[in-house]
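Student: Could you look at this predicted model? Sequence included:
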Amino acid sequence: FNPTTTINYSLPKAGIVKLIIYNAIGRKVATIVNEYKQPGYYSIQFNASNLASGIYLYRLESGNYSASKKFMLLK
């Protein structure tokens, strides 16, 4: 992506949701979401114009569920 991307996710039940972006060495670079959300589908815009090109990971946590995905920023 360059420099914005959309991250989509869905929640089967209400709870605290955390969506955090990490760089390739595991350092947290941004917290996109950290709040209570109702069940449903969500779409979040992430603007990485202040970050360097490279590989990044995002981690979604909600209740007992967590998932990580990799994405690449090209400038």
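Tutor: Perfect, I can see it now. Numbering: from 1, shown residues only.
Student: how far away is residue 6 from residue 65?
Tutor: In this view, residue 6 and residue 65 are 20 Å apart by Cβ to Cβ, to the nearest Å. For glycine as for every other residue, the C-beta is placed from the backbone atoms N, C-alpha and C.
Student: Contacts only, for residue 28.
Tutor: Contacts for residue 28 (Cβ atoms under 8 Å, 6 or more residues apart in numbering) come out as 20, 21, 22.
Student: Tell me the pLDDT of it.
Tutor: Residue 28 carries a pLDDT value of 97.
Student: So what sits opposite it in the bridge?
Tutor: For residue 28, the beta-bridge partners under DSSP bridges are residue 22.
Student: From residue 22, how far off is it?
Tutor: Distance from residue 28 to residue 22, by Cβ to Cβ: 6 Å.
Student: before we move on, back to that, give me the more crowded residue out of residue 6 and residue 65.
Tutor: Using other Cβ atoms under 10 Å, the more surrounded residue of residue 6 and residue 65 is residue 65, with 12 against 9.
Student: Bridging across strands, which residues link to the more buried one?
Tutor: Legend: beta-bridge partners of residue 65 under DSSP bridges are residue 62.
Student: Looking at the contacts of residue 28, state which has the most neighbours.
Tutor: residue 21 (19 neighbours).
Student: how many neighbours does the residue lying closest to that one once chain neighbours are set aside have?
Tutor: Among residues not flanking residue 21 along the chain, residue 30 sits closest, at 4.3 Å (Cβ to Cβ, 6 or more residues apart in numbering). Close neighbours of residue 30, defined as other Cβ under 10 Å, add up to 16.
Student: Cool, thanks, talk later.
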